[in-house]
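**Q** Output the structure for:
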Amino acid sequence: MILSRILDHKKAELRRKRSRGYLSELKSKIHDAPAPLGFAIALEATRTGSSPSLIAEVKKASPSLGLLRPEFADRFDYLEIAKTYHAHGASALSVLTDKDFFQGSLDYLREIKRSVPLPALNKEFMVDEVQFYEARAYGADAVLLIVAALERQQLIDFYAFARGLGLDVLVETHHERELDRVLEWLPDARLIGINNRDLKTFTTDLGVTLRLAKRIPAGKLIVSESGIRQRADVMQLVEAGIHAMLVGESLIRAEDMSAKIRELRGVPVSSHA
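**A** Predicted coordinates:
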């Protein structure tokens, strides 16, 4: 299973990081860093009747597809991508920082945050406290906790740790059992993610969001992730009461990224709102 491979690799990678004087360096960066922006607040404020808020993802590659565009082999202009997202109405960004499976980088996050005034999610497989210090030091406003990747106490502790650093937390679920655990173990969690991608097969099914959303109580912000490719998909999310959508591959692979954003958001071509 790809998730298990990623997690095993991540734990080995982090053991190497802990062996250096890395933590004190990160804490020093955090001390000088500005306060995080409100990721959840931005999503809540920008949702409309015709579209959930858009979390647009800066993503170079995936384990299943490799490079998302052939030209990324020579140049991955992550700053230009993030600026395009901002210019055409994204409410927030998601930045892949895993190096070995997604060809991401914490440096992408840092540079984007210096140039684009949107809150950003550090899209990473969080398995160790040092990663939360990294996220904060490199400018993240939110982090991702994947229920499938964590034991109960880890999930509870990591949630509290992230909040203590001023970070918002998107808690990602894939099926009913995981969602029920989140609602029981993290009753204060505000941002509930529903990933439509099966972590075993990597296929996507928007029906996962439509099914799980019905079980989420009022007062939570529901984020649908993966498999959102066309306006018809977005309309299903609107009807299901979804607050935000995280979209990566369909934007990155679009011939015209700005037009794709407008299509998903239901914005007329003549308008740049």
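**Q** in the stretch 101-250 of the chain, which spans are helices?
**A** Per DSSP state H, counting those that start in this stretch, the stretch 101-250 of the chain carries helices over the ranges 106-115, 129-137, 152-164, 176-185, 207-213, 231-239, 249-252.
**Q** Please state the offset of the third one from the chain centre?
**A** Think helix 152-164. Centroid separation between helix 152-164 and its chain, computed with CA atoms, centre = their mean, to the nearest Å, is 17 Å.
**Q** Just the C-alphas of it, formatted as PDB.
**A** In PDB, the C-alpha atoms belonging to helix 152-164 read as follows (Å, rounded to 0.1, in the frame of the first residue of the first chain):
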ATOM      1  CA  ARG A 152      -5.500   7.700  18.300                       C
ATOM      2  CA  GLN A 153      -3.100   9.300  20.800                       C
ATOM      3  CA  GLN A 154      -0.900  10.600  18.000                       C
ATOM      4  CA  LEU A 155      -3.900  12.200  16.300                       C
ATOM      5  CA  ILE A 156      -5.000  13.900  19.600                       C
ATOM      6  CA  ASP A 157      -1.500  15.000  20.500                       C
ATOM      7  CA  PHE A 158      -0.500  16.300  17.100                       C
ATOM      8  CA  TYR A 159      -3.800  18.300  16.800                       C
ATOM      9  CA  ALA A 160      -3.100  20.000  20.200                       C
ATOM     10  CA  PHE A 161       0.600  20.500  19.200                       C
ATOM     11  CA  ALA A 162      -0.300  22.200  15.900                       C
ATOM     12  CA  ARG A 163      -2.900  24.400  17.500                       C
ATOM     13  CA  GLY A 164      -0.300  25.400  20.200                       C
END
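**Q** Now do that helix: everything it contacts.
**A** 126-127, 129, 132, 135, 143, 145, 147, 150, 168-169, 171, 181-182, 185-186, 189 (CB atoms under 8 Å, 6 or more residues apart in numbering). (Glycine included, C-beta is placed from N, CA and C.)
**Q** Mark which of the residues you listed are buried, thanks.
**A** Buried by 16 or more other CB atoms under 10 Å: 126-127, 129, 132, 135, 143, 145, 147, 150, 168-169, 171, 181-182, 186, 189, out of the contacts of helix 152-164.
**Q** out of those, what pair is the most spread apart?
**A** Every pair in the buried ones among the contacts of helix 152-164 was compared (CB to CB); the two farthest apart turn out to be 135 and 181, at 23.0 Å.
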